[in-house]
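> Fold the stuff below for me.
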Amino acid sequence: MQEHNRAKVLAAARDELAERGFRDAKIDQIAERAELTRGAVYSNFPSKRALYFAVLAQEAARTSGSRYPPTARTATDALGDFARAWMARLPLAGEDRRSASRLGRDLLPEIVSDERVNQPFSQLTCLSAILLGLCLEQLPSSKRTASRMVQVAEIALTTLHGAGQLAAAAPGFGEPFAVVRACEQLAELDLDDTWQPAHLPHISPARPTDQPWTPPALTDALRDEPAHLDDDGVLAVLGLHRLAAIEEALRAAPPTAAVTAVLVTSNPGELGPLVRLIVTDLRNSLRAAVAPSAWPRLQIIHDESGDLAAAAGVPAVSDATETAVRIHDGRITARADGYGACHAAASA
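The predicted structure is shown next:
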């Protein structure tokens, strides 16, 4: 019954939000559309914003990405295809204001309006840039000399988010294909982007341990397939203020080691849907741009219940959590906590 009511609320909210926009949408009207009480809406979603994020996440999940396998063979082509997939979901100038592509027009203004959402969104965008940059690093570029491409990815995402805001605020402004071509050229910029964090030499080593590892069965949100949590490697439990730290694990772990990011938050009802939205949007755009063989070895787990974190020995989580463990032969063999934990566990 709970899942049935949740589905009714989401469907009703989608219609209300498409018709009125986020600010003018009313919970009472959503309840009436769903033929439920106001209390039934709030029993499924703690706030109107959480419901809005959940509607956008559901819409993103319905879009599986490109129907055709990516063909890019260079970083330039891949970044162009990524930008093209991103721009394709933006509303057109003459499009019906109730269309699915217009649902997201209030997303960034709503994020900007609340500091409690700013930092998680910033870190989710950092995570997106890290993964896009790592994909681009696997592809050749004619002019680039630096090995790291995360800064290029950051500039591309800045450009695309700006284009999205203008598509909502000034329909018809600019030429989408020009934005795509501009993003393509970013892949050839030499930004002297190197991986040399000043704090890494000062990180304390991971502590040896020997504990059983019995993770629950969960889904890798990056690929939308069952996660391989029994594989040897590094598992990092990261609060939404610490997501960028996963690059430390990806850079330091041996080439054959699996790397898993377990995303946790002290406010899963409100922020969980936002996390799902951003990861799903990233997955859809990557599918259109980069062959799976060039994707990073990272798995992403949405751990809103905290069950996987508890299995890793982290019973209490917050948005500042950073704990990493090393998995080997079904055992936890090393552990690190706090700033630099991802690097320490990956280097153990």
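> Which helix or which strand is home to the residue nearest the centre of the chain?
Residue closest to the mean C-alpha point of the chain, counted by C-alpha atoms, centre = their mean, is Val279 at 2.9 Å. Assigned by DSSP states H and E, Val279 belongs to helix 268-289.
> How about Asn5?
Counting by DSSP H and E, Asn5 is part of helix 2-20.
> okay, now the closest residue to Val279 other than its chain neighbours: neighbour count?
Among residues not flanking Val279 along the chain, Ala221 sits closest, at 4.9 Å (C-beta to C-beta, 6 or more residues apart in numbering). Glycine gets a C-beta too; all of them are placed from N, C-alpha and C. A total of 20 residues lie near Ala221 under the criterion other C-beta atoms under 10 Å.
> Look up how far Thr280 lies from Ala221.
Going from Ala221 to Thr280 by C-beta to C-beta, to the nearest Å gives 7 Å.
> Show the backbone phi and psi for Ile301.
Main-chain torsions, Ile301, degrees, to the nearest 10: phi -120, psi 130.
> which residues touch it?
Applying C-beta atoms under 8 Å, 6 or more residues apart in numbering to Ile301 gives the contacts Leu218, Thr219, Asp220, Ala221, Ala227, Leu229, Thr260, Ala261, Val262, Leu263, Leu308.
> what bridges to it?
Counting by DSSP bridges, Ile301 forms beta bridges with Val262.
> What separation is there between it and Ala249?
Ile301 is 14 Å from Ala249, where distance means C-beta to C-beta.
> Please enumerate the shared neighbours of these two.
Common neighbours of Ile301 and Ala249 (criterion: C-beta under 8 Å, 6+ apart): Ala261.
> Sort out which one of the contacts of Ile301 lies nearest Ala345 for me.
Using C-beta to C-beta, the shortest approach to Ala345 within these belongs to Thr260, at 11.2 Å.
> for the closest one, what are its contacts?
The contact partners of Thr260, taken as C-beta under 8 Å, 6+ apart, are Ala227, Leu229, Gly233, Val234, Leu235, Ala236, Leu298, Gln299, Ile300, Ile301.
> which residues does the fourth one bridge with?
Here Val234 sits in beta bridges with Val259, Arg326, going by DSSP bridges.
> quick one: it from Ser141, how far?
Val234 is 28 Å from Ser141, by C-beta to C-beta.
> more crowded one of those two?
Taking other C-beta under 10 Å, Val234 and Ser141 do not tie; Val234 has more neighbours (32 against 20).
> Contact partners for that one?
Applying C-beta under 8 Å, 6+ apart to Val234 gives the contacts 249, 253, 257-260, 324-327, 342, 345-346.
> can you map out the helices along this structure?
2-20, 27-34, 38-44, 48-62, 75-88, 107-112, 115-137, 150-169, 176-186, 246-252, 268-289, 307-311, 341-347 (DSSP state H).
> Among the contacts of Val234, which one lies nearest to Ala334?
Arg326 (3.9 Å).
> is it true that that closest one touches Ala341?
No: the pair Arg326 / Ala341 is not scored as a contact, 10.9 Å apart, by C-beta atoms under 8 Å.
> Give me the common contacts of those two.
With C-beta under 8 Å, 6+ apart, Arg326 and Ala341 have common neighbours Ala206.
> Among the two, which residue is more densely surrounded?
Ala341 (27 against 24).
> quick one: that one and Ala324, what's the gap?
4 Å.
> Return every residue with contacts to both of the two.
Common neighbours of Ala341 and Ala324, using C-beta under 8 Å, 6+ apart, are Ala206, Ala236.
> shaky segments in the protein?
Residues of the chain meeting the criterion pLDDT under 70: 1, 64-67, 92-101, 142-146.
> Show me it divided up by domain.
Here the domain assignment for the chain is 2-62, 75-186, 200-347, based on automatic domain parsing.
> among those, which is nearest Asp192?
domain 75-186 (5.6 Å).
> Now do that closest one: distance from first to last residue.
9 Å (C-alpha to C-alpha, to the nearest Å).
> For Leu10, see how far away the nearest residue to Tyr52 once chain neighbours are set aside is.
Using C-beta to C-beta, 6+ apart and skipping the chain neighbours, the partner closest in space to Tyr52 is Phe22 (5.4 Å). Look at Phe22 and Leu10: by C-beta to C-beta, they are 15 Å apart.
> Now for Ala345, how many residues are close by?
31.
> so how far is Leu235 from it?
Ala345 is 8 Å from Leu235, by C-beta to C-beta.
> Overlap of the contact sets of the two?
Common neighbours of Ala345 and Leu235, counting by C-beta under 8 Å, 6+ apart, are Ala324, Val325.
> Could you write out the alpha-carbon coordinates of stretch 46-62 in CSV?
Taking Å, rounded to 0.1, in the frame of the first residue of the first chain, the C-alpha atoms of stretch 46-62 are listed here in CSV:
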residue,chain,number,x,y,z
PRO,A,46,9.1,15.1,4.2
SER,A,47,8.7,18.3,2.2
LYS,A,48,7.6,19.7,-1.1
ARG,A,49,11.2,20.1,-2.1
ALA,A,50,11.9,16.4,-1.4
LEU,A,51,8.9,15.5,-3.5
TYR,A,52,10.2,17.8,-6.3
PHE,A,53,13.6,16.1,-6.3
ALA,A,54,11.9,12.7,-6.3
VAL,A,55,9.8,13.6,-9.3
LEU,A,56,12.9,14.8,-11.2
ALA,A,57,14.8,11.6,-10.3
GLN,A,58,11.9,9.5,-11.5
GLU,A,59,11.9,11.4,-14.8
ALA,A,60,15.6,11.0,-15.2
ALA,A,61,15.3,7.2,-14.5
ARG,A,62,12.7,6.9,-17.3
